[in-house]
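In: Prediction below, plus the sequence it came from.
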Amino acid sequence: MKVFNFFNKLIYFIFNRDFIFNNLNLFLFKIKRKSNIYFLVNEEQKWSTDQLYLELKKHFDVKIVLLGNPYTGKIENNVYDFFSKKGDVIIYPKLNFFQKLKLLFKGDIIFFQQPWGMENKIRYMHFFCLTIYIPYSAITVKDSIDYNVENFHRYLWLYVAQNEHVFNFFKEFQLKRGINCKVLGYPKFDDLYREYLNDENIFHDFGKKKIIYAPHHSLENSILGLGTFDKYFEIVVNIVGLKRSSFVYKPHPRLEYTLTCEELFFSIEDYEEYLKKWNNGINSKIMNQGDYGSLFSESDFIITDCSSFLIEYFFTGKPIIWLKSDRQKIDFNSFVEELKESFYIVNSCDDILKYIEMLENDEDIMKETREILISKYKKQILGSSNNIVDYLLNLKGKKC
């Protein structure tokens with residue numbers, strides 16, 4: 001195996017022109033007294049590096065570059081407000097020629113928030129800067145969409161893998177065989193489970209439990225097929241009206257677009273009427289903010305088909321009611337397959353009400369299974385922000 005890896009790297013060094021540019025950019029990064037780091041962002045819901053951003057600012061000149069939304073091309077006021085509170089923010093709605101030059105000649109490292117809408121940018125940026133991608137959500141599937149988006153992953157200097165499971169799949173899907181991938185963790189865990197996180201009274205102070213309903217966007221026409229909103233949306237909102245618990249509706253940020261523009265399941269007016277049922281309830285609210293650590297902290301359990309939440313919420317130690325899709329088109333990776341042993345799996349409408357009533361009465365039969373799995377994987381939860389900073393400092397020959 002060592003011999004194979006040696007020749008694989010040798011071929012990469014000889015035939016891949018990116019090797020030259022990456023090493024030139026790395027050399028410049030090492031010799032520069034204080035390097036410039038940019039975070040290219042465009043959606044608040046996909047901001048998953050708050051603690052990393054703060055840690056990097058202790059050692060580097062770090063700025064956030066706010067671009068237009070990849071689907072609309074616009075910067076919404078709430079998105080600007082969200083990022084402007086973080087510190088140094090540069091606004092580039094369209095990223096014109098001169099703005100590109102400024103980024104390329106001043107930037108040493110560019111962190112990409114997501115692949116979507118970034119393909120044309122990374123194609124030229126990787127010649128001038130060290131390009132890094134940290135997945136904005138926990139990696140749960142074995143599909144190449146998480147490892148090999150055309151004209152994105154191939155241009156990365158570094159892909160940050162959350163664990164060995166992800167690293168192994170990255171090697172499988174990438175021609176570079178993982179040469180540009182390192183297991184440094186999942187910084188979003190540092191944001192979700194930070195020690196000073198306090199409850200913010202997100203839920204109504206009402207009833208027995210505090211419950212999240214978090215539906216995914218991938219419905220019939222999706223390559224994922226994880227979503228079950230069209231099957232359960234009415235059932236869930238009707239249960240909310242009957243129960244003596246508090247609920248928060250936390251939809252995937254792309255769900256509304258999918259329902260009204262892609263799947264045409266709802267008109268915009270119909271979906272707004274659905275949202276009113278959540279907003280007008282005495283025991284229900286809607287949450288769209290990107291930072292949902294407090295929501296997780298305050299809640300008692302979650303109802304979801306969102307694949308990343310299956311990992312992110314799992315480490316709260318609280319129950320997960322998983323809305324299993326009967327049209328799922330991809331397989332989960334081995335990590336999620338193991339965690340599934342602790343989920344309350346919904347196959348029918350009746351299962352939702354049954355599991356809610358069980359957990360409202362503190363009948364949590366999966367608790368011990370969760371505790372065993374958390375104990376097994378708890379070392380992976382926190383500290384990845386420091387891992388990444390230490391990795392970059394070590395490259396510069398500085399002490400951590």
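Out: Thanks, I have the structure now.
In: Do a quick rundown of the helices in the stretch 101-250 of the chain.
Out: Residue ranges of the helices in the stretch 101-250 of the chain, as given by DSSP state H, counting those that start in this stretch, are 119-125, 164-173, 188-192, 229-242.
In: Leu52 is nearest to which of these?
Out: Closest to Leu52 of the helices of the stretch 101-250 of the chain, according to C-beta to C-beta: helix 188-192, at 7.2 Å. From N, CA and C alone the C-beta is placed, and that goes for glycine too.
In: okay, that closest one in PDB with CA atoms only?
Out: What follows is helix 188-192, C-alpha atoms only, in PDB (Å, rounded to 0.1, in the frame of the first residue of the first chain):
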ATOM      1  CA  LYS A 188     -19.500  23.400  13.200                       C
ATOM      2  CA  PHE A 189     -19.500  21.200  16.300                       C
ATOM      3  CA  ASP A 190     -17.500  23.900  18.000                       C
ATOM      4  CA  ASP A 191     -20.300  26.400  17.200                       C
ATOM      5  CA  LEU A 192     -23.100  24.100  18.100                       C
END
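In: Summarise which helices and strands that helix is packed against.
Out: Packed against helix 188-192 by the contact rule (3 or more C-beta pairs under 8 Å, 6 or more residues apart in numbering; DSSP states H and E) you find helix 50-56, helix 293-298, helix 307-312, helix 384-395.
In: So what touches that helix?
Out: 48-52, 136-138, 291-293, 296, 312, 315, 380-385 (C-beta atoms under 8 Å, 6 or more residues apart in numbering).
In: Tell me the buried residues in it?
Out: Lys188, Phe189, Asp190, Asp191, Leu192 (16 or more other C-beta atoms under 10 Å).
In: Just give me the closest of these to Glu341.
Out: Nearest to Glu341 among the buried residues of helix 188-192, with distances taken as C-beta to C-beta, is Phe189, at 20.7 Å.
In: Just the pLDDT for that closest one.
Out: The model reports Phe189 with a pLDDT of 93.
In: if I look at it, how far off is Thr304?
Out: According to C-beta to C-beta, to the nearest Å, Phe189 and Thr304 sit 17 Å apart.
In: do Tyr355 as well
Out: Remark: distance between Tyr355 and Thr304 (C-beta to C-beta) = 12 Å.
In: so what sits against both of the two?
Out: Counting by C-beta under 8 Å, 6+ apart, the shared contacts of Tyr355 and Thr304 are Ile321.
In: Which one's more surrounded, those two?
Out: Between Tyr355 and Thr304, Thr304 has the larger neighbour count (other C-beta atoms under 10 Å), namely 25 against 22.
In: who's in contact with stretch 161-179?
Out: Contacts of stretch 161-179 (C-beta under 8 Å, 6+ apart): 5, 8-9, 12, 16, 135, 138-139, 142, 144, 146-148, 153-154, 159, 180-186, 333-335, 380, 384.
In: Off-centre distance for it?
Out: Relative to the chain's own centre, stretch 161-179 is displaced by 18 Å; criterion: C-alpha atoms, centre = their mean, to the nearest Å.
In: Endpoint to endpoint, it covers what distance?
Out: Distance between the two ends of stretch 161-179: 12 Å, counting by C-alpha to C-alpha, to the nearest Å.
In: Now Phe301. Nearest residue, chain neighbours left out?
Out: In space, and not counting its chain neighbours, Phe301 is closest to Pro319: 4.1 Å by C-beta to C-beta, 6 or more residues apart in numbering.
In: Pick the most deeply packed of the helices of the stretch 101-250 of the chain.
Out: The highest mean neighbour count among the helices of the stretch 101-250 of the chain, using mean count of other C-beta atoms under 10 Å, belongs to helix 188-192: a mean of 24.
In: chain center to it: distance?
Out: With C-alpha atoms, centre = their mean, you get 10 Å for helix 188-192.
In: And for stretch 231-241?
Out: Distance, stretch centre to chain centre, for stretch 231-241: 26 Å (C-alpha atoms, centre = their mean).
In: Check stretch 246-253 too.
Out: Counting by C-alpha atoms, centre = their mean, stretch 246-253 comes out at 16 Å from the chain centroid.
In: tell me the mean pLDDT over it?
Out: For stretch 246-253, the mean per-residue pLDDT is 95.
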